[in-house]
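> I would like to see how this sequence folds:
(2 chains)
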Amino acid sequence: MTTKIFSADGQALSLPRRRFVQGLAAGGLLTGLGISPLSSRAESGVGPQPQVLRGRSFDLTIGSQQVNFTGHPRPATTINDSIPGPILRWREGERVSLRVTNNLAHDSSIHWHGMILPTHMDGVPGISFDGIRPGETFTYEFDVNQNGTYWYHSHSGFQEQTGMYGAIIIDPKQSDPVSYDRDYVVVLSDWSDEDPSRIYAKLKKMSDYYNFNERTGMDLLRDIRDKGVSRTFSERKMWNTMRMSDRDLSDVTGYTYTYLMNGQTPAGGWAGLFKRGEKIRLRFVNGSAMTFFDVRIPELKMTVVAADGQNIEPVTVDEFRIGVAETYDVVVEPKDDRAYTIFAQTIDRTGHARGTLTPDMSLTAPVPEYDPAPILGHGEMGMGMGMAGMDHGMHSGGKSKPMAMDHSMHGGSGSGIVHVATEYGPHVDMRAENPQLHLDDPGIGLRNNGRRVLSYADLRNLYPTPDVREPGREIKLHLTGNMSRYMWSINGVKFADADPIQLKFGERVRFSFVNDTMMNHPMHLHGMWSDLETGDNKRIPRKHVVIVQPGSKISYLVTADAKGGWAFHCHLLYHMLGMFRKVVVS
Amino acid sequence: MKKRALFALGGFIASTTAALAGGMIDDPLLSFVKVDQFELRDAEGGNSFVWDAQGWVGYDLKKLWIKTEGERVGGETEEAEVQFLYSRSFARYWDVQAGWRRDIRPEPNRDWAVLGVQGLAPYFFEVDAALFVGTDGRTAARLEAEYEFLITQRLILTPDIEFNLYGKDDPLTGVGSGLSDMELGLRLRYEIRREFAPYVGVNWIRKFGGTADFARVVGASTNDVQWVAGLRAWF
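Okay, here's the model as predicted:
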């Protein structure tokens, strides 16, 4: 069926088919691209692939243009006329120079996500530089002292949501510890036809605006039938008294989002070719504004070889969750001459991004059904229940001590968790009483699903930990918010009211997190590695984004080896305005 | 009066959008208008048209609210009320509100100082409770509560209840002291979009005590069950 559409001449199509083709061709820009993805695929026999720019010197142009992902033309923010922007392929040990010209009517910026570089090259307006004014060109120049898969995106306004992101590949100076025959970048992202500032405003006015998976009367009747009135009542008591929804997985959902893989909608999907027996390295980048994806390739094992650009001891899995702004490199070895679907369902199961690995562009593979939408449990509320089986409401009736969750969740009795005074008030709706480490927990919706799913406990650095010092001190950070008011903060203090976090140059310090919300927060520290404490301090994985699961705790170590001011924030675009800190190393 | 208020809100929306386009404001000035009831009622004495709307302009924790409700029967506005309130959040789900209420109809106008709380009670009951202090020693209280029961994601059944109490008789406006009236509604809406939901329902109005006596004098009903059809919308 796919071939038919690609080889057909668009003119002859009947109206409904043409509409379908619109979805397929989506990802193509209406202007600025001389050649539409439709014709390029028909001509070359290879799916539309992102442009790759190599070398030491690059010209990037930020522009505004029309795109059509949904059947409706909408304005987007692009880099070199494409979404995603071009793949930048650098070489470790070289110095790169990037001239970025802003053709927008607003200020813009590019942040090189995960790159270790001088602070004034980091691209965060207000912290590293003043931003790039309309019509101006800013030249970034820095030494590339690392290798792996990274990405870049705007750090201005909501431009990232409207298309301003792209992948970076850095080839190693030495021989690559990962052997592969070919590699593909797989950029996952979320597109909305709505103006992002409207999305943000809607969330402030009605935080469940995009959630069409709320508990209904039908669920109530089914629960009463299955469990009886009193057990149904007691199981729901906590949620009802807390006035929170156990179905609140994503703030923004497939109701407005179209999920993209390398800029292609699920209707058409991105495709990569392989020859049987080849080792293919897939470089996954989650360039979404708000979306966590659960990625698998049915009937193919994936060997994860790098996390956030850094090599790890290979671990073979069926599936992994990729948080916003994380990257994972996996190697797959298809043994058969057949197509495989790269399936990336969203954490809330309201949509998916899709691609195909195939030896022949005329082949596609079936797209799996979505898994059931996860339901939040006591663990997500920070009540420290066992993790297994929480997903499907298997908490045992009245035994779960809901009184701690009642109107006042004061004090951290027993768990040693202390909530500071600023965490109390109308801006914070929950405080985890008994947060647990969830290192070996792949996360809600992935537990006990019959597949081998990656967890943070699986990440072991391929190389020994470079800085084995014990941390000199601990910085305690509670991720806080009020979901229904849609306010986000750290320790109850939003960025606008917060003092910078001060680090002493050269010190080793522990960042410890407690998530006092029911959302996953992907926390991103600029300029320095986040050495994730997974238990084995000799092989600490180095990350630039660490997911802090709902109601849980986690910590990482930081060597403050980069002087200057750095951004530190939740990478969910609509959380980061409040859940943000400046970090100063001096 | 109402028109002017709506115009003012429109102006705020335009300015807010412009401010947002520029950069990163975590707590932007926003505005919100919600028409809870915009409905025809099939009452005993003929059809009536009823509105109940509120809106705000403001920030996460501080807002200026406008609330208005009223009823028109046979081309005449029989009841109309507007409130201007300053609202401040004091708990996770609760705002305290203070300001001014004017009853425009029935005449003569009555003015009240308002102190109330609005928010979400446990078990997801939306509550609006207010005390009113008027001129000449008049006092009043109002309690409204509403619950949203999702039959499906878009088909929503909403029971709501309202009580009004007054401290003393006001014969000119037909109000008796004590529990004055109760309104119990059940509306079934379908959210075509979140912002736009037509509904049908039934409404039971009961007047009590002195207020019921005044109603009987003018031949109005004191116990009325009405079918309603209307539109709920916000933006």
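
> And for residue A:499, the neighbour number?
By other CB atoms under 10 Å in any protein chain shown, 9 other residues sit near residue A:499. Every residue, glycine included, has its C-beta placed from N, CA and C.

> no wait, residue A:92
15.

> Contact partners for it?
A:144-147, A:170-173 (CB atoms under 8 Å, 6 or more residues apart in numbering or on different chains).

> Identify those among those residues that sit within helices.
Residues of these located in helices (DSSP state H): none.

> now residue A:360, what's its secondary structure?
coil (DSSP: H, G, I helix; E, B strand; the rest coil).

> ok so, going back, what's the most distant pair in the contacts of residue A:92?
A:145 and A:171 (13.3 Å; CB to CB).

> Please identify which of the contacts of residue A:92 is nearest to residue A:76.
Here the nearest of the contacts of residue A:92 to residue A:76, counting by CB to CB, is residue A:170; it sits at 27.0 Å.

> Mind giving me the packing neighbours of the longest strand seen in chain B?
In chain B, with assignment by DSSP state E, the single longest strand is strand B:76-91. Contacts defined by 3 or more CB pairs under 8 Å, 6 or more residues apart in numbering or on different chains; DSSP states H and E place strand B:76-91 against strand B:46-58, strand B:62-73, strand B:94-105, strand B:110-121.

> same thing but at 6 Å, please
For strand B:76-91, the contact count by 3 or more CB pairs under 6 Å, 6 or more residues apart in numbering or on different chains; DSSP states H and E identifies strand B:62-73, strand B:94-105 as packing neighbours.

> Mind giving me the PyMOL command for buried ones among the contacts of residue A:92?
Buried residues within the contacts of residue A:92, by 16 or more other CB atoms under 10 Å in any protein chain shown, are selected in PyMOL with:
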select buried, chain A and resi 144+146+147+170+171
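
> Mean pLDDT added to the helices and strands packed on strand B:76-91, as a markdown table?
Converted to a markdown table, the helices and strands packed on strand B:76-91 look like this (pLDDT from 0 to 100):
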| stretch | mean pLDDT |
| --- | --- |
| strand B:62-73 | 96 |
| strand B:94-105 | 97 |
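
> so can I have a markdown table of these showing distance to chain A and mean neighbour count?
A markdown table is the format used below for the helices and strands packed on strand B:76-91 (distance: least, CB to the nearest CB, whole Å; neighbours: other CB atoms under 10 Å in any protein chain shown):
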| stretch | distance to chain A | mean neighbour count |
| --- | --- | --- |
| strand B:62-73 | 11 | 19 |
| strand B:94-105 | 7 | 18 |
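
> any chance of these in CSV, with distance to residue A:284 too?
Putting these into CSV (distance: least, CB to CB, whole Å) gives the following:
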stretch, distance to residue A:284
strand B:62-73, 43
strand B:94-105, 44
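
> residues contacting residue B:149?
A:217, B:157 (CB atoms under 6 Å, 6 or more residues apart in numbering or on different chains).

> State the phi and psi torsions of it.
Per-residue torsions, residue B:149: phi -110, psi 110 (degrees, to the nearest 10).

> May I have the residues that are in contact with residue A:137?
Counted by CB under 6 Å, 6+ apart, residue A:137 has contacts A:99, A:101.

> Would you mind stating the distance between the residue nearest the centre of chain B and residue B:104?
With distances taken as CA atoms, centre = their mean, residue B:52 lies nearest the centre of chain B, 4.5 Å away. From residue B:52 over to residue B:104 the distance is 15 Å, taken as CB to CB, to the nearest Å.

> Which residues of chain A lie near chain B?
Listed as neighbours of chain B in chain A under the rule CB under 6 Å from any CB of the partner chain: A:157, A:197, A:201, A:204-205, A:209, A:212, A:214, A:216-217, A:240-241, A:243, A:426, A:429, A:485, A:487, A:494, A:577-578.

> element containing residue A:199, please.
For residue A:199, the host element (DSSP states H and E) is helix A:196-205.

> Likewise for residue A:240?
Here residue A:240, judged by DSSP H and E, is contained in helix A:229-242.

> how far does stretch A:459-466 stretch from start to finish?
Stretch A:459-466 has an end-to-end distance of 16 Å (CA to CA, to the nearest Å).

> typed the wrong thing, it's stretch A:517-524
17 Å.

> Give me the nearest residue to residue A:504, chain neighbours excluded.
Excluding the flanking residues, the one nearest residue A:504 by CB to CB, 6 or more residues apart in numbering or on different chains is residue A:560, at 6.3 Å.

> Look up how far chain B lies from that neighbour.
In this view, residue A:560 and chain B are 26 Å apart by CB to the nearest CB, to the nearest Å.

> Can you give me the neighbour number for that residue?
Residue A:560 has 21 neighbouring residues, counting by other CB under 10 Å.

> Now residue B:225: which helix or strand?
Using DSSP H and E, residue B:225 falls within strand B:223-234.

> for chain B, what are the low-confidence residue spans?
Residues of chain B that meet the criterion pLDDT under 70 lie in B:1-23, B:45.
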